[in-house]
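Trainee: 3D, please:
(one chain, ligands or ions: 1)
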Amino acid sequence: MSESCIHPGTVWLVGAGPGDPDLLTRKAERLIRAASIIFHDALVGPEVLAIAETGTRLVPVGKRAGRHSRSQEAINGLLVQAAKDGERVVRLKGGDPSVFGRSGEELAALRNAGIPARICPGVTAASAAAASACLTLTRRGAARQLVLVTGQARAGERLDLDWDLLASGRTTVAIYMGKAAAAGIARELMRAGLAASTPALIVENASLPSEQSLSTRLDLLGLGAAALSGDGPMILIVGESMGQAEPGRPSAGMSRQPLLAERS
Ligand code: SAH
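Mentor: Reported below is the predicted structural model:
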């Protein structure tokens, strides 16, 4: 199978990146152009969708916090049916499809139906957020592990993260879907031993013109998340790596900075 075209009856799970169309991979761009039908998330913006050919059907199947437009089962069914109909199917997802994208369920449904599936990776939100702030996620000496976690618990369940692992030294914790739970997550991390002064970065709409970011500290994570009041996707990143000085910008070291220093 050519890497740039889609055989009818095949489904490609494609990473759309964090929003800026310039952060699409060239392969993602080719696949979007080659699709006859695109099922896309709410996080995929109009500028990325504009790349599709005029005749391509664009089907929103987005889920945003608390607003599920279609169940995961329904989405799986749509993908299977489109492939059986001989469409060139792209399932377009924000960021990287393999990071909190429910790709596992979709791949399993396709596999069960005997439909070939492929994945095209994308730039994940943590990478985009750190890049916007000109920070590195695993600064040598400050972090030796990067952990991506979800801040959202399953309906009716408590957020059950391995707090001891996350609070162990030299860890960068990137929290996806953590806006609502930010204050609680900070409390748990501090209870597990992470210093209240640990640097934190909060970025909303990373890579988009509407991007807002805040450099703060762990004990102010909840306050900071609430302070960026847009309703765009927000990522929270906690760890000593987030305290590194940026070229041309003052150090984000919180002892010398206003506690809620705005970056943009
Ligand atoms: N697959 C996506 C993540 C999907 S989960 C990826 O790899 O990025 C959705 C969460 O991702 C959002 O709640 C938010 O935490 C984060 N996110 C996605 N796009 C973002 C963006 N442009 N800016 C900040 N956070 C973003």
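
Trainee: Just list whatever residues bridge to the residue of the stretch 51-200 of the chain found nearest the ligand.
Mentor: Closest residue of the stretch 51-200 of the chain to the ligand, CB to the nearest ligand atom: residue 95 (2.0 Å). In this view, the C-beta of every residue, glycine as well, is placed from N, C-alpha and C. Residues in a beta bridge with residue 95, per DSSP bridges, are residue 17.

Trainee: average pLDDT across stretch 14-33?
Mentor: The average pLDDT within stretch 14-33 is 97.

Trainee: what does that stretch contact?
Mentor: Contact with stretch 14-33 is made by 3-6, 12, 38, 40-41, 43-45, 47-48, 50-53, 90-97, 119-125, 127-129, 205-208, as judged by CB atoms under 8 Å, 6 or more residues apart in numbering.

Trainee: and residue 30, that's in a helix?
Mentor: Yes - assessed by DSSP: H, G, I helix; E, B strand; the rest coil, residue 30 belongs to a helix.

Trainee: Derive a ChimeraX selection command for the buried subset of the contacts of stretch 14-33.
Mentor: The following ChimeraX line selects those of the contacts of stretch 14-33 that are buried, judged by 16 or more other CB atoms under 10 Å:
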select :6,12,38,40,41,43,44,45,48,51,52,90,91,92,93,94,95,96,97,119,120,121,122,123,124,125,127,128,129,205,206,207,208
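
Trainee: Between the two ends of stretch 187-198, what distance do you get?
Mentor: 12 Å (CA to CA, to the nearest Å).

Trainee: and it, which residues are buried?
Mentor: Buried-residue list, stretch 187-198, by 16+ other CB under 10 Å: 187, 188, 189, 190, 194, 198.

Trainee: what's the closest of these to residue 163?
Mentor: residue 188 (5.0 Å; CB to CB).

Trainee: So that closest one: helix, strand or coil?
Mentor: Classification of residue 188 by three-state DSSP places it in helix.

Trainee: Kindly report the residues of the stretch 51-200 of the chain close to the ligand.
Mentor: For the stretch 51-200 of the chain, the residues in contact with the ligand (CB under 6 Å from any ligand atom) are 93-96, 99-101, 124-125, 128-129, 176-177.

Trainee: The same query, at a cut-off of 8 Å, please.
Mentor: Counting by CB under 8 Å from any ligand atom, the positions of the stretch 51-200 of the chain adjacent to the ligand are 65, 93-101, 122-126, 128-129, 150-152, 175-179.
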